[in-house]
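In: sequence and predicted structure are below.
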Amino acid sequence: MLLLGLAVTSVAARAEEALSLEGKIALPGVAGRIDHMAVDLGRRRLLVAALGNGTLEIVDLAAEHRIKQVTGLREPQGVGYAQKADLVAVASAGDGSVRFYRGEDLAPAGSLALGNDADNVHIDPRTGNFFVGNGSGGLGIIDPEKRSKIGDVKLAAHPESFQIDPASGRIFVNVPDAGEIAVVDLATAKQVASWAVPGLRANIPLAINGSRAAVAAVFRHPAKLALLDAKTGAATQQLDTCGDADDVFFDTKRRRIYISCGAGAVDAFRATRRATVF
């Protein structure tokens, strides 16, 4: 169905044509919700922050089962893997810490007190540094080789999802309590712009397609997918989506956008030939 002449069409009502369940990987004994995940591609491992269980779950993607569990974490939210340093970082909301583990055997390799509500973790592909959302408003920059904080990005409120775009040298950050998407310059580690979409609140997930200068931000109130021009922040489209959105992804190969929602659905949107976001 073409929506108001826009260039993205929703196929959520025909999800079986877009996505099919391939399999399930059990995490025995894990209670409560999980949060962010990361991948160690070299070892084909999925790293899962099991927030409610206080553990890091390590899954062998080839064998499709859990091979290790790291315990003793306090509300782990974010996890990242730095390939060059062969280091895993886990950010925990409960104690504001970032704990490090060796990639090979997941042995403890130190920790860092970052601040309250340590959250999402991403890697700067240019430098290999960790960026970790935390506190009442900031991104901590951590050198994985030294395992120490080397900088801070100040924001107006707590950051939710953020993405690093090495092509433009910027970070796009959802800051829902400030009602904005913050744009950060990587070179100066300072916010250089603030974008808002009138009438939409609670922007939690965010994704970018750097090659097409497109940002996808998903709002919970009301439940909307907003597509923005990554250069100007102008909203080019708004589409209805599922409730309690938690993550969003660009599938550039198939020209699709996927949104996973706490309401119990995955919405898929297919781009037409006229779409500029792919």
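Out: That came through, no problem. It should be emphasised that the depicted structure is a prediction, and the values quoted were computed from it without experimental measurement.
In: which residues of the protein score low on pLDDT?
Out: Scanning the chain for pLDDT under 70 picks out 1-17.
In: residue 239 sits in which helix or strand?
Out: Taking DSSP states H and E as the criterion, residue 239 maps to strand 235-240.
In: helices and strands around that strand, which ones?
Out: strand 8-10, strand 223-229 (3 or more C-beta pairs under 8 Å, 6 or more residues apart in numbering; DSSP states H and E). Quick note: C-beta positions are derived from backbone N, CA and C, even for glycine.
In: following it, which helix or strand shows up next?
Out: Remark: after strand 235-240, the chain's next helix or strand is strand 245-251, criterion DSSP H and E.
In: give me the residue at the spatial middle of this structure.
Out: With the centre of the chain defined as its mean C-alpha position, the nearest residue by C-alpha atoms, centre = their mean is residue 161, 4.9 Å away.
In: now that residue, nearest residue through space, not along the chain?
Out: Nearest residue to residue 161 in three dimensions, chain neighbours excluded: residue 206, at 4.2 Å (C-beta to C-beta, 6 or more residues apart in numbering).
In: re the thing from before, next, format the helices and strands packed on strand 235-240 as a markdown table and append mean neighbour count and distance to residue 101.
Out: Formatted as a markdown table, these follow (neighbours: other C-beta atoms under 10 Å; distance: least, C-beta to C-beta, whole Å):
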| stretch | mean neighbour count | distance to residue 101 |
| --- | --- | --- |
| strand 8-10 | 20 | 40 |
| strand 223-229 | 21 | 35 |
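In: nearest to residue 186, of those?
Out: Among these, strand 223-229 comes nearest to residue 186, with 18.9 Å by C-beta to C-beta.
In: what about residue 141, neighbour count?
Out: Using other C-beta atoms under 10 Å, residue 141 has 18 other residues around it.
In: element containing it, please.
Out: Counting by DSSP H and E, residue 141 is part of strand 138-143.
In: could you check the angle strand 138-143 makes with the very next helix or strand once past that strand?
Out: Going down the chain from strand 138-143, the next helix or strand is strand 148-154, by DSSP H and E. Strand 148-154 and strand 138-143 are oriented at 150 degrees to each other (axes from the mean of the first three to the mean of the last three C-alpha atoms, to 10 degrees).
In: give me the helices and strands touching strand 148-154, please.
Out: strand 138-143, strand 190-195.
In: return the most buried member of those strands.
Out: strand 138-143 (a mean of 21; mean count of other C-beta atoms under 10 Å).
In: how far does that one sit from its chain's centre?
Out: With C-alpha atoms, centre = their mean, to the nearest Å as the basis, strand 138-143 stands 15 Å off its chain's centre.
In: strands paired with it, and their directions?
Out: Applying DSSP bridges, strand 138-143 is found paired with strand 130-134 (antiparallel), strand 148-154 (antiparallel).
In: and these: which comes nearest residue 142?
Out: Among these, strand 130-134 comes nearest to residue 142, with 4.1 Å by C-beta to C-beta.
In: got a list of contacts for the closest one?
Out: If you take C-beta atoms under 8 Å, 6 or more residues apart in numbering as the criterion, strand 130-134 is touched by 78, 80, 82, 89, 91, 96, 98, 114-124, 139-142, 144, 153, 158-160, 162, 164, 171, 173.
In: try it again at 7 Å.
Out: Strand 130-134 is contacted from outside by 78, 80, 82, 89, 91, 96, 98, 114-115, 117-124, 139-142, 144, 159, 162, 164, using C-beta atoms under 7 Å, 6 or more residues apart in numbering.
In: mind listing which of those residues are in helices?
Out: Among the contacts of strand 130-134, no member falls in helices (DSSP state H).
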